[in-house]
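In: using only what follows, build the 3D model:
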Amino acid sequence: IINIITNKKNIEGFNAGINTNTGTRVNRSSFNVNAGKNRFGISGSGGARYGWPRDGKTTEINNVYNEFGDIISNQIKKGDFIGNWLGFRGSIDLYYDINMYNSITTNFQTSGQNKFNNYDQDVILNDLETYNYQIKDSTSNKSSDYEFTLNYTKLFENKPGKELTTSFQYGTQISNDNKNIDQQNFDDIIIENSMNGNGFEVTSQVDYIHPLTNENKIEAGVKYIGRHTRNKYETSIDNYDVISWLPDDSLTNLFKYDQKVTAAFLSGNFNLVNDFGVLLGVRYEHTNINGSYDREYENFNNSYNNIVPSLTISKKLNMFRTIKFSYTNRIKRPGMSKINTNTEISDLSNISRGNPSLFPSQSHQLELGYTSFKPGLMSSFYLYYKESLDVIEAYTTLIELDTLNIFETNYFNTGNNKSIGFNFFGSATILNNLTIRGSFDLYTYNMRTKLNEVDLVRDNLIYKYSFNANLKLGNGYKAESRAFFRSPRQTIQGERPS
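Out: A predicted model of the protein is given here:
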């Protein structure tokens with residue numbers, strides 16, 4: 001559950017700005033306009049991002065082993081790809097102070113993107129026989145979002161810090177995805193898949209802050225989220241005999257998915273003696289899910305309840321250093337891409353689809369952190385232990401046919417993962433001109449599960465880091481550099497690209 005947050009900035013007068021930058025990978029341009037007088041203000045902003053066409057080479061290897069560890073089937077795909085994308089955003093914000101104790105803010109924003117990827121691959125398949133063939137794969141994805149937010153805030157004259165806020169938000173999304181496969185020189189076939197989706201989300205919430213003595217406070221609130229999505233997908237095949245093992249009824253459908261979440265929370269923020277601070281809270285959530293199809297699949301309905309506690313204890317060592325211990329419990333619900341039953345065919349040996357039977361995963365995390373801040377220098381170190389239950393992962397199974405082996409990738413709640421990790425973030429400013437920032441995250445992957453009556457264990461190390469430098473050149477000019485790296489994602493079956 002994420003609260004609606006709209007920052008209110010009182011504006012006096014008029015100002016505007018334009019910003020643009022270009023690079024070897026990404027180009028960005030943006031503008032903003034602000035105008036306000038007394039109790040009323042309006043601001044607008046917009047921007048666009050454009051990536052230069054990216055080209056590269058791909059290699060993919062799929063092996064099938066028997067019970068003795070011998071390879072009985074092998075597929076090697078090598079080729080070239082090129083991709084590109086364009087994104088845009090825009091927003092308008094309004095605020096009106098009715099009086100000293102009552103105010104209204106509203107926001108409208110839109111965003112979207114358009115991207116494509118084209119692949120040309122040569123394939124060698126060593127199965128019962130050896131086959132050499134070519135695959136041309138082109139995908140395009142278009143999406144746009146629209147969102148409206150309205151907030152009313154009431155302050156209380158006789159109680160500074162006491163605040164009541166009501167919020168309403170309505171958003172829509174439209175998407176259009178297309179994928180075309182052209183396989184030549186072996187079981188020649190052309191496959192065209194389209195998925196058109198649209199949906200809307202309604203959110204309403206009420207938050208109340210009640211101040212206590214010594215800057216202590218209690219917060220309470222209720223919230224409702226309704227998500228309603230429709231996805232119509234269709235696959236056409238010019239040579240269905242080649243892929244007759246895949247049921248025709250599963251290739252075209254209308255998937256309707258509704259999710260309703262009702263939540264209530266209570267939290268307290270307390271400043272104690274000797275510079276100790278405590279933040280504790282609890283949240284209750286009730287989730288109801290409905291899914292239906294026009295054909296083939298059975299409709300489903302599921303509901304569940306969750307109680308989510310949190311606790312943070314902090315201690316100020318001095319004006320610049322703080323140590324804290326925290327416990328957090330989070331719920332991660334599966335996204336639409338993981339439950340949508342649209343069958344995506346990469347080639348005649350690889351297909352993927354979502355799993356509507358997924359249920360949310362939960363995590364419990366204990367964290368010990370240390371933060372130091374001085375003028376020009378900031379650093380933070382965290383050690384943590386995280387236990388994730390019913391983790392959602394991509395899982396590939398083998399469909400064995402008389403003449404071919406098919407790899408089907410789906411999503412499952414594969415099991416429980418226990419991680420120990422270390423996180424660092426630091427920032428330093430040198431001679432008031434050069435600012436350097438860096439982060440590093442290292443944690444273990446320790447999965448224990450049982451799938452298809454087989455006990456599975458996998459242990460590995462995952463890490464990522466980033467670097468950023470900003471140099472002021474004078475006269476309003478500056479130079480900036482960024483770099484980042486992320487190791488492959490881990491699943492119970494092995495590694496997948498990040």
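
In: thought Asn178 was touching Asn117?
Out: No - using CB atoms under 8 Å, Asn178 makes no contact with Asn117, being 11.4 Å away. For glycine as for every other residue, the C-beta is placed from the backbone atoms N, C-alpha and C.

In: and the next element down the chain from the helix or strand where Thr203 lies?
Out: For Thr203, the host element (DSSP states H and E) is strand 189-211. Using DSSP H and E, the helix or strand that follows strand 189-211 in sequence is strand 217-237.

In: phi and psi next, for the most centrally placed residue in the chain.
Out: For the chain, the residue nearest the mean C-alpha position is Gly335 (8.7 Å; CA atoms, centre = their mean). Backbone torsions of Gly335, given as degrees, to the nearest 10, read phi -80, psi 170.

In: which residues does it contact?
Out: Neighbour list for Gly335: empty [criterion: CB atoms under 8 Å, 6 or more residues apart in numbering].

In: could you do Ser380 as well?
Out: Gly369, Tyr370, Thr371, Ser372, Asn423, Phe424, Phe425, Gly426.

In: now, which of those lie within strands?
Out: Residues of the contacts of Ser380 located in strands (DSSP state E): Gly369, Tyr370, Thr371, Ser372, Asn423, Phe424, Phe425, Gly426.

In: please state the offset of the strand or helix carrying Ser379 from the chain centre?
Out: Ser379 is part of strand 377-400 when elements are defined by DSSP H and E. Computed by CA atoms, centre = their mean, to the nearest Å, the separation of strand 377-400 from the middle of its chain amounts to 14 Å.

In: and that strand, which residues are buried?
Out: Using 16 or more other CB atoms under 10 Å as the test for burial, strand 377-400 gives Met378, Ser380, Tyr382, Tyr384, Lys386, Ser388, Asp390, Val391, Ile392, Glu393, Ala394, Tyr395.

In: list the neighbouring strands of that strand plus their orientation.
Out: If you go by DSSP bridges, strand 377-400 pairs up with strand 361-374 (antiparallel), strand 405-430 (antiparallel).

In: poorly predicted segments of this protein, please.
Out: 1-12, 249, 403 (pLDDT under 70).

In: let's see that with 50 instead.
Out: 1-6 (pLDDT under 50).

In: if you count residues, which strand in it comes out on top?
Out: Max-length strand for the chain by DSSP E is strand 71-99.

In: how about whichever helix or strand comes after that one: buried residues?
Out: With elements assigned by DSSP H and E, the helix or strand that comes after strand 71-99 is strand 102-126. Residues of strand 102-126 classed as buried: 103, 105-107, 109-113, 116-119, 121, 123, 125 (neighbour count, 16+ other CB under 10 Å).

In: for stretch 159-171, same thing?
Out: Neighbour counts over stretch 159-171 (16+ other CB under 10 Å) mark Glu163, Thr165, Ser167, Gln169, Gly171 as buried.

In: for that stretch, give me every contacting residue.
Out: With CB under 8 Å, 6+ apart, stretch 159-171 has contacts from 4, 6, 145-156, 200-211, 217.

In: among the residues you listed, name the buried ones.
Out: Burial by neighbour count, 16+ other CB under 10 Å: within the contacts of stretch 159-171 this picks out 4, 6, 145, 147, 149-153, 155, 201, 203-205, 207, 209-211, 217.

In: ok so, going back, tell me what the longest strand of the chain is packed against?
Out: Under the contact definition 3 or more CB pairs under 8 Å, 6 or more residues apart in numbering; DSSP states H and E, strand 71-99 sits against strand 40-65, strand 102-126.

In: relative to strand 405-430, how tilted is that strand?
Out: 50 degrees (axes from the mean of the first three to the mean of the last three CA atoms, to 10 degrees).

In: which helix or strand contains Gln169?
Out: Per DSSP H and E: strand 163-184 holds Gln169.

In: ok, that strand: who's next to it in the sheet?
Out: Strand pairing for strand 163-184, determined by DSSP bridges: strand 130-155 (antiparallel), strand 189-211 (antiparallel).

In: could I get the CA-only coordinates of that strand as CSV?
Out: Only the C-alpha atoms of strand 163-184 are listed here, as CSV (Å, rounded to 0.1, in the frame of the first residue of the first chain):
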residue,chain,number,x,y,z
GLU,A,163,-4.1,17.4,10.5
LEU,A,164,-6.9,15.6,8.5
THR,A,165,-6.3,14.8,4.8
THR,A,166,-8.7,13.2,2.3
SER,A,167,-7.5,12.1,-1.1
PHE,A,168,-8.9,10.7,-4.3
GLN,A,169,-7.1,9.5,-7.3
TYR,A,170,-8.3,8.1,-10.7
GLY,A,171,-5.9,6.7,-13.3
THR,A,172,-6.1,4.9,-16.6
GLN,A,173,-3.7,3.0,-18.7
ILE,A,174,-3.8,2.0,-22.4
SER,A,175,-1.3,-0.4,-23.9
ASN,A,176,-0.7,-2.0,-27.3
ASP,A,177,1.9,-4.8,-27.7
ASN,A,178,2.7,-6.6,-30.9
LYS,A,179,5.2,-9.5,-31.6
ASN,A,180,5.9,-11.1,-35.0
ILE,A,181,8.0,-14.3,-35.5
ASP,A,182,9.2,-15.4,-38.9
GLN,A,183,11.0,-18.8,-38.9
GLN,A,184,12.6,-20.0,-42.1
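
In: pull the distance from that strand to the chain's centre.
Out: A distance of 13 Å separates the centroid of the chain from that of strand 163-184, by CA atoms, centre = their mean.

In: next one: stretch 100-111
Out: For stretch 100-111, the distance to the chain centre is 26 Å (CA atoms, centre = their mean).

In: residues contacting that stretch, please?
Out: By CB under 8 Å, 6+ apart, stretch 100-111 touches 6, 8, 87-98, 144-157.

In: check the secondary structure at the residue of the chain most remote from its centre for me.
Out: Relative to the C-alpha centroid of the chain, counting by CA atoms, centre = their mean, Asn158 is the outermost residue, at 42.8 Å. Following DSSP: H, G, I helix; E, B strand; the rest coil, we place Asn158 in the coil state.

In: residues in contact with it?
Out: Residues in contact with Asn158 (CB under 8 Å, 6+ apart): none are found.

In: okay, now Val457: neighbour count?
Out: Look at Val457: counted by other CB atoms under 10 Å, it has 10 neighbours.

In: so what's the backbone phi/psi at it?
Out: phi -140, psi 140.

In: give the bridge partners for it, please.
Out: Applying DSSP bridges to Val457 gives these bridge partners: Arg448.

In: tabulate the strands paired with strand 163-184 (CSV), appending distance to Ile331.
Out: Formatted as CSV, the strands paired with strand 163-184 follow (distance: least, CB to CB, whole Å):
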stretch, distance to Ile331
strand 130-155, 23
strand 189-211, 17
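
In: out of those strands, the one nearest Asp347 is which?
Out: Asp347 lies closest, by CB to CB, to one member of the strands paired with strand 163-184: strand 130-155, at 5.2 Å.
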